[in-house]
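*Asks:* coords below, sequence missing:
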């Protein structure tokens, strides 16, 4: 039961980890097809290991009843819920927001001989 809980919790949390500030529902849970492939493969492998009779004994696992599956899925939702609530706080206090890029007036760097527009200027050096 512990293995199922850890796997499901991390797979759920992976959806929320795609952005530090934007909610899973803003981004869209199905917006990344490769994420779907990897989560599907992970679920398939976990269920194959956990539900196949010959393989269960190797990993010391057993079939779960409905109550245990409910507990696994319910507890697996806690990390993604905490992540989403943290994002609400981040957005409220503007944590992690990138500053706007400031525009700088063009200037001429006399040592290099270039202006900010990339124009080359002739520099005369007398020895």
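*Replies:* That came in fine, so what should we check first? As the structure is a computational prediction, the values presented were derived from the model and not from experiment.

*Asks:* pLDDT-wise, which helix or strand of the chain ranks last?
*Replies:* Across the helices and strands of the chain, mean pLDDT, DSSP states H and E gives its lowest value to strand 114-115, namely a mean of 52.

*Asks:* Sketch out the low-pLDDT regions of this structure for me.
*Replies:* Along the chain, the parts satisfying pLDDT under 70 run over 100-127.

*Asks:* Grab the longest helix from it for me.
*Replies:* Determined from DSSP state H, the single longest helix within the chain is helix 66-93.

*Asks:* Could you list the buried residues of that one?
*Replies:* 72, 76, 79-80, 83, 87 (16 or more other CB atoms under 10 Å). Any C-beta I mention is one placed from the backbone N, CA and C, and that applies to glycine too.

*Asks:* so what does it touch, helix or strand wise?
*Replies:* Under the contact criterion of 3 or more CB pairs under 8 Å, 6 or more residues apart in numbering; DSSP states H and E, helix 66-93 touches helix 2-16.

*Asks:* Alright, I will stop here.
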